[in-house]
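Engineer: Generate coordinates for the sequence data below:
(chains A and B)
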Amino acid sequence: MKNVMDYVEMKFPAKAEYVGVIRLTISGIASRMGYTYEQIEDIKIAVSEACTNAVQHAYPEDEVGEVIVGFGIYEDKLEMMVADNGQSFNFLKTKEELGPYTESSTIDQLSEGGLGLFLIETLMDEVRVLNRSGVTVFMVKYLGEERESHDKATSDRETN
Amino acid sequence: MKINIEEHQNDKEMFVSVTGEIDAYTAPKLREELLPLSEGQGKTITVNLKDVSYMDSTGLGVFVGLFKQLSKNEGELRLVELSDRLVRLFELTGLSKIMNISEDRGR
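Structural biologist: Predicted structure coming up:
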């Protein structure tokens, strides 16, 4: 397993006008990492959907909370976390607590999040959602399709 | 995001063009502008999305709402000049099978 090469974290007011700013940031990071145009657009949508979810559902209307966005930049993949509890988090620790992603948890999330979470699931290679004192969405996008299919084959074998 | 609304003389047909990004911030404004246009019987609204540089589920939600409203009143919604990215978004969500979308100009 490769270690995180770089980690970027940002904290934003949970307001819709900042979703575009986060999108611009992740677009820059993904572009620098060498993702294709299509992949960058997919990443922009997934991160925006997670942020939109946090902005629209995390806090009551009269209360503006915070959204924390973390990007783990690896040689071969990009890990993205969007948390709406307003608390800073330990990236690796939160990642461990997310547990395996299962079919049933996905369907539960779909019914609550609608098209936004459906798009996240569709566009990302791995998605996990942690619900505890706020929602944390954890997403992974691999760099290069060959490696992605290899990883999927490996995890399939491990499951069996 | 900019919205340009062009009404035709017969009052039943409207052409709208949207420029820029449609996301959580701009979608409410888009909905506010477009929904009133769907009031009345048999309206046809053509929305040109050629200059939309970004759109996600918030934008889809606006167009689904508009589509439902128009369908209810025997009207029609046409989304035209979609980029490959936008076509993909409608295809992924299954909306391309339900709604009238086109990569070409609608007139």
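Engineer: Around chain B, pick out the residues from chain A.
Structural biologist: A:16-17, A:19-20, A:23, A:41, A:44-45, A:48-49, A:51-52, A:55-56, A:114-116, A:118-119, A:122-123 (CB under 8 Å from any CB of the partner chain). Where C-beta positions appear, they are placed from N, C-alpha and C, glycine not excepted.
Engineer: Kindly recompute the last result at 10 Å.
Structural biologist: Within chain A, the residues that sit near chain B (CB under 10 Å from any CB of the partner chain) are A:15-21, A:23, A:27, A:37-38, A:41-42, A:44-49, A:51-56, A:113-120, A:122-123.
Engineer: Which among these count as buried?
Structural biologist: The neighbour-count test (16 or more other CB atoms under 10 Å in any protein chain shown) marks A:16, A:18-20, A:23, A:27, A:41-42, A:44-49, A:51-56, A:113-120, A:123 as buried among these.
Engineer: out of those, which are inside helices?
Structural biologist: With DSSP state H as the criterion, helices contain A:19-20, A:23, A:27, A:41-42, A:44-49, A:51-56, A:113, A:115-120, A:123 from among those.
Engineer: which ones are touching the closest residue to A:Ala54 other than its chain neighbours?
Structural biologist: Once flanking residues are discounted, A:Ala54 sits nearest to A:Asp84: 3.5 Å by CB to CB, 6 or more residues apart in numbering or on different chains. Neighbouring residues of A:Asp84 by CB atoms under 10 Å, 6 or more residues apart in numbering or on different chains: A:14, A:50-51, A:53-59, A:65-68, A:133-137.
Engineer: mind redoing it with 8 Å?
Structural biologist: With contact taken as CB atoms under 8 Å, 6 or more residues apart in numbering or on different chains, A:Asp84 is in contact with A:14, A:53-55, A:57-59, A:65-68, A:134-136.
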